[in-house]
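Q: Structure here, sequence nowhere to be found:
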C-alpha cells in the first residue's frame with residue numbers, strides 16, 4: 001500500500017470528514033501502542049508480574065474496543081482508501097498484542113508476540129502519518145528502550 005501524501009490535499013467534504021475521523025483513530029492507536037509498550041517494559045523489568053488482572057489492561061481493552069470499532073467504520077474516499085486500510089491493520093495488530101498480553105500474561109513468549117504486533121502496528125501508523133492532516137508520530141529514536 002503506497003502512501004499518497006497528495007491525497008490529504010483533497011478538499012472535498014468526504015476527505016475532510018475522513019481526516020477528522022482518521023485523526024481520532026490514529027491518535028487513539030498511538031496512545032494504545034504507548035500504553036501497551038509501557039506495560040511490556042514494566043514486565044521486562046519485573047515491576048509487573050500479572051498483566052491480565054491489572055486495571056490498566058482492562059481500561060486498555062475498553063479503549064481498544066472503541067478504537068477498533070471506529071477504525072472498522074473508516075472509509076477513505078478516493079486515494080485515502082489505502083490510508084484507512086493501514087489504520088485498520090494497525091488496529092488489528094494492537095488487538096492481537098492485547099490478546100497476547102491478556103491470554104499469556106507477560107511471560108516471555110506472550111510478551112515477545114505482543115511486542116512484534118506492537119512494532120507492526122507502530123510501523124503502520126508511521127506509514128499513515130501526515131502532519132498536514134494532524135497525524136504525527138512521536139520521535140522515539142532517543143528513547144531509553146528503543147531496542148525493545
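A: Here it is on my side, so go on. Since we're looking at a predicted model, the values are computed, not measured.
Q: Where does pLDDT dip in this protein?
A: 1-11, 46-55, 104-106, 131-148 (pLDDT under 70).
Q: Where is the longest helix in it?
A: helix 13-44 (DSSP state H).
Q: What residues sit buried inside that helix?
A: By neighbour count on 16 or more other C-beta atoms under 10 Å, the buried set for helix 13-44 is 15, 18-19, 21-22, 25-26, 28-30, 32-33, 35-37, 39-43. Where C-beta positions appear, they are placed from N, C-alpha and C, glycine not excepted.
Q: Nearest residue to the residue nearest the centre of the chain in space, please, no chain neighbours.
A: Taking C-alpha atoms, centre = their mean, the centroid of the chain lies closest to residue 29, which sits 3.2 Å from it. Excluding the flanking residues, the one nearest residue 29 by C-beta to C-beta, 6 or more residues apart in numbering is residue 90, at 5.2 Å.
Q: sorry, back to before: and the following helix or strand past the longest helix of the chain, what does it pack against?
A: Counting by DSSP states H and E, the next helix or strand C-terminal to helix 13-44 is helix 55-73. Where contact means 3 or more C-beta pairs under 8 Å, 6 or more residues apart in numbering; DSSP states H and E, helix 55-73 is packed against helix 13-44, helix 81-104.
Q: Appreciated, that's everything.
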